[in-house]
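Trainee: show me the folded form of this:
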Amino acid sequence: FTVTTCTKYDWRDAGDMGHQIYDTMLGMKPDFFVHAGDIIYYDHLAPYVTHIDVARYKWNRMFGFPYLRDFLKETPSYFMKDDHDSWDNDCWPSMSGEMGHFTYEEGRTVYDEQVPMSDKRHFRTFRWGKDLQIWMVEVRDFRSPNFEPDGPDKTMWGKEQIEWFKRTVADSDATFKIVISPTPMVGPDHIWKGEMNDNHADLGWSHEGDMLREFIGNQKNMYYICGDRHWQYISRHPETGMVEYAVGASTNQHSTPLDNPDTAMHQYYRPHVGGFLSVTVDEISGTPTATFRHHGVNGDQYNEDIRVSEE
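Mentor: The predicted model follows:
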């Protein structure tokens with residue numbers, strides 16, 4: 001399967017055809033595809049969304065691109081939302097701000113219109129064969145305000161989702177368990193971004209982040225894939241051993257470097273390139289194996305990370 005994130009209309013790289021990655025991934029014929037959030041950008045120009053009709057226009061415009069349209073005709077797909085396709089940058093449900101007549105609840109309404117699914121909680125798990133189970137988590141709808149003091153009552157995932165996650169992981173007998181999230185949990189994050197406390201890699205979310213990292217790190221063959229970051233990386237958390245794969249931005253124009261000198265956690269790091277992540281789960285010489293590959297927009301392989309089942 002393949003995963004991408006951060007598909008901004010203004011920074012597409014194939015003109016009127018859209019984003020090149022979709023044509024590239026179509027040629028790879030993945031079994032399924034996951035978009036890990038920031039599908040469109042309400043809060044950026046061309047145009048800045050101030051009304052629900054403009055929000056719908058942005059969705060229709062993005063999904064009218066031939067490369068994306070042709071890819072979705074052939075590929076089972078799952079979509080997730082982050083801040084820019086929920087409402088505003090680094091947003092939460094009770095956040096106040098300036099989006100004209102466009103509200104967070106209307107952003108949620110438009111998402112449900114454009115990405116229909118049977119369970120409106122937006123967190124879900126699905127099995128893909130004997131060796132793979134996927135968890136897709138919701139990081140916006142249940143979160144406390146970002147600047148609220150850290151502690152046991154501050155939550156990004158919400159009590160119901162955390163209980164569901166732990167229960168379904170315990171019930172799973174899949175060889176590989178992969179969590180896909182719109183936001184990082186290991187990082188590191190930009191130094192300046194850490195002050196804004198928008199993800200579990202930031203100090204303002206340490207209490208819940210530490211609990212989730214410990215839980216994920218204690219599971220056999222569990223790995224974490226995140227969107228949102230505009231650079232590609234693999235990081236290993238030094239205390240828990242949790243491994244995180246950042247997909248990176250979808251185009252070279254959208255990519256940025258990490259603004260943080262503390263890169264000791266990185267096992268792979270590549271800025272200034274767009275692309276996507278592919279994951280192959282197979283049995284090699286009778287042993288279940290997961291292979292994670294970072295690609296450029298034209299499919300060039302930048303890195304390969306092979307994980308053999310611990311069982």
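Trainee: any weak-confidence spans in the stretch 151-300 of the chain?
Mentor: With pLDDT under 70 as the threshold, the stretch 151-300 of the chain has low-confidence stretches at 194-195.
Trainee: can you give me the helices for it?
Mentor: Assigned helices in the stretch 151-300 of the chain, in chain order: 159-171, 191-194, 206-217 (criterion: DSSP state H, counting those that start in this stretch).
Trainee: for the residue lying farthest from the centre of the chain, give me its contacts.
Mentor: Of all residues in the chain, Ser285 has its C-alpha farthest from the mean position, at 31.8 Å, by CA atoms, centre = their mean. Going by CB atoms under 8 Å, 6 or more residues apart in numbering, Ser285 touches no other residue. Bear in mind the C-beta positions are built from the backbone N, C-alpha and C, glycine included.
Trainee: and it, how far from Val308?
Mentor: If you measure Ser285 against Val308 using CB to CB, to the nearest Å, the figure is 10 Å.
Trainee: then Thr280?
Mentor: Remark: distance between Thr280 and Val308 (CB to CB) = 13 Å.
Trainee: ok, now Phe276?
Mentor: Distance, Phe276 to Val308, by CB to CB: 24 Å.
Trainee: with Phe32 instead?
Mentor: Summarising the geometry, the distance separating Phe32 from Val308, computed by CB to CB, is 23 Å.
Trainee: which residue ranges of this structure form strands?
Mentor: 2-4, 33-36, 77-80, 124-127, 132-136, 176-181, 222-226, 232-236, 243-246, 266-270, 275-284, 287-296, 301-308 (DSSP state E).
Trainee: report all helices and strands that the last one contacts.
Mentor: Under the contact criterion of 3 or more CB pairs under 8 Å, 6 or more residues apart in numbering; DSSP states H and E, strand 301-308 touches strand 232-236, strand 266-270, strand 287-296.
Trainee: out of these, which one sits most buried?
Mentor: Most buried of those, by mean neighbour count (mean count of other CB atoms under 10 Å): strand 232-236, with a mean of 23.
Trainee: packing partners for that one?
Mentor: When contacts are defined as 3+ CB pairs under 8 Å, 6+ apart, strand 232-236 packs onto strand 243-246, strand 266-270, strand 301-308.
Trainee: what sits up against that strand?
Mentor: For strand 232-236, the external contacting residues (CB under 8 Å, 6+ apart) are 186-188, 242-248, 258, 265-271, 273, 275, 277, 292, 294, 302-303, 305.
Trainee: do stretch 54-64 as well
Mentor: In this structure, residues lying in contact with stretch 54-64 by CB under 8 Å, 6+ apart are 7, 9, 18, 39-42, 47, 49, 68-69, 72, 102, 106-107, 110, 113-114.
Trainee: for it, list the C-alpha coordinates in CSV.
Mentor: Listed in CSV are the C-alpha atoms of stretch 54-64, where the atom choice follows Å, rounded to 0.1, in the frame of the first residue of the first chain:
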residue,chain,number,x,y,z
VAL,A,54,-15.9,27.9,-0.9
ALA,A,55,-14.9,24.9,1.1
ARG,A,56,-16.9,22.6,-1.2
TYR,A,57,-15.3,24.4,-4.2
LYS,A,58,-11.8,23.5,-2.9
TRP,A,59,-12.7,19.8,-2.6
ASN,A,60,-14.3,19.7,-6.0
ARG,A,61,-11.4,21.5,-7.6
MET,A,62,-8.8,19.1,-6.1
PHE,A,63,-10.7,15.9,-7.0
GLY,A,64,-11.3,17.1,-10.5
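Trainee: how many residues are close by the nearest residue to Glu311 once chain neighbours are set aside?
Mentor: Nearest residue to Glu311 in three dimensions, chain neighbours excluded: Lys220, at 6.1 Å (CB to CB, 6 or more residues apart in numbering). For Lys220, the count of nearby residues is 10 (other CB atoms under 10 Å).
Trainee: which ones are touching Lys220?
Mentor: Contact partners of Lys220, counting by CB under 8 Å, 6+ apart, are Ser309, Glu310, Glu311.
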